[in-house]
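J.: My questions are about this predicted structure, shown below with the sequence.
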Amino acid sequence: MATGGDSSMPNVQSNIFSTNKTLLRSKTLYKQYVLETTVLPNEPESMRELRILTDNHEMGDMASPADEAQLLRMLIKLTGAKTTIEVGVYTGYSLLATALALPDAGKVVAIDTNPEYYELGRPFIEKAGVAHKVDFRAGLAHERLNELLADEANQGAFDLAFVDADKTSYGRYHEQLLRLVRVGGVLVYDNTLWFGTVVLPPDAPISEEDHRIAAAVRDLNASLAADGRVEVCQLTVADGVTICRRIV
């Protein structure tokens, strides 16, 4: 553990919500230009309603921001994805974005340990008319992914995976998802810059949890960059988004 860690300090994501989760230094540029010009005017009403509900939730800092959800929708449409996996659902804002972008016969397997959070967002998914595309599975992600892998028909059967869950397990999920996502398919990892802590020195005055997560994210980023099975593109959208295209 880094000597600078302090469990009494607030975590870096404290007071972060969907409209200020960005690494851009200029909040005016992000909130008053990027969001207001290209993101929020194109946000479906059902997503807007769920975003507002989520921002008011006690764990609202876990939500994906609107510009990241817009990116996810675009990736699904650009790749022509029909079957996807989402690891980490929370209230389902990014899940709703995915379901809206998938074709009518598409399917997203959504995995989360807390079905109560998902139930908060499920009425918005139903209202949007896309509940039939969602296959929600409660439980630990590595267990649910292993269940999928146990059926050989699932191996290489998915077009895209989006991961926004416990950061220290990303490496494990990556190995499982590479067997589930087809060659040419896409894996998207959220929070891969962890609010900029990945470049802070070991004695930086941040919480012990943030030191632990930052170390895990640094390891992940190095591993993905060296992984010959994927092509990697790291973006500074939101809190860092890494896109991998499976090539082997």
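T.: Structure's in. What do you need?
J.: longest single helix anywhere in this structure?
T.: helix 208-225 (DSSP state H).
J.: Quick one: mean pLDDT over that one.
T.: The average pLDDT within helix 208-225 is 96.
J.: Ok, stretch 103-112 next?
T.: Mean predicted confidence for stretch 103-112 is 98.
J.: Using CSV, write down the CA coordinates of it.
T.: Output of stretch 103-112 as CSV, limited to C-alpha atoms (Å, rounded to 0.1, in the frame of the first residue of the first chain):
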residue,chain,number,x,y,z
PRO,A,103,-31.7,-4.0,-33.3
ASP,A,104,-35.2,-5.2,-32.3
ALA,A,105,-34.0,-8.8,-32.2
GLY,A,106,-30.8,-7.9,-30.4
LYS,A,107,-29.9,-9.1,-26.9
VAL,A,108,-27.7,-7.7,-24.0
VAL,A,109,-26.7,-10.0,-21.2
ALA,A,110,-26.5,-7.6,-18.2
ILE,A,111,-24.7,-8.7,-15.0
ASP,A,112,-24.7,-7.1,-11.6
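J.: buried sites along it?
T.: Gly106, Lys107, Val108, Val109, Ala110, Ile111, Asp112 (16 or more other Cβ atoms under 10 Å). Glycine gets a C-beta too; all of them are placed from N, C-alpha and C.
J.: cool, stretch 209-221 as well?
T.: Asp210, His211, Ile213, Ala214, Ala215, Ala216, Val217, Arg218, Leu220, Asn221.
J.: can you give me the helices in this protein?
T.: 27, 45-55, 66-79, 93-101, 115-127, 141-150, 170-180, 208-225.
J.: Quick one: closest of those to Asn11.
T.: Closest approach to Asn11 among those is made by helix 208-225 (5.6 Å; Cβ to Cβ).
J.: Nearest residue to Asn146 in space, please, no chain neighbours.
T.: Gln176 (7.0 Å; Cβ to Cβ, 6 or more residues apart in numbering).
J.: Can you check the pLDDT for that neighbour?
T.: Model confidence at Gln176 (pLDDT) stands at 98.
J.: Confirm for me that it is in contact with Leu145.
T.: Yes. The criterion here is Cβ atoms under 8 Å, and Gln176 meets it with Leu145 at 4.2 Å.
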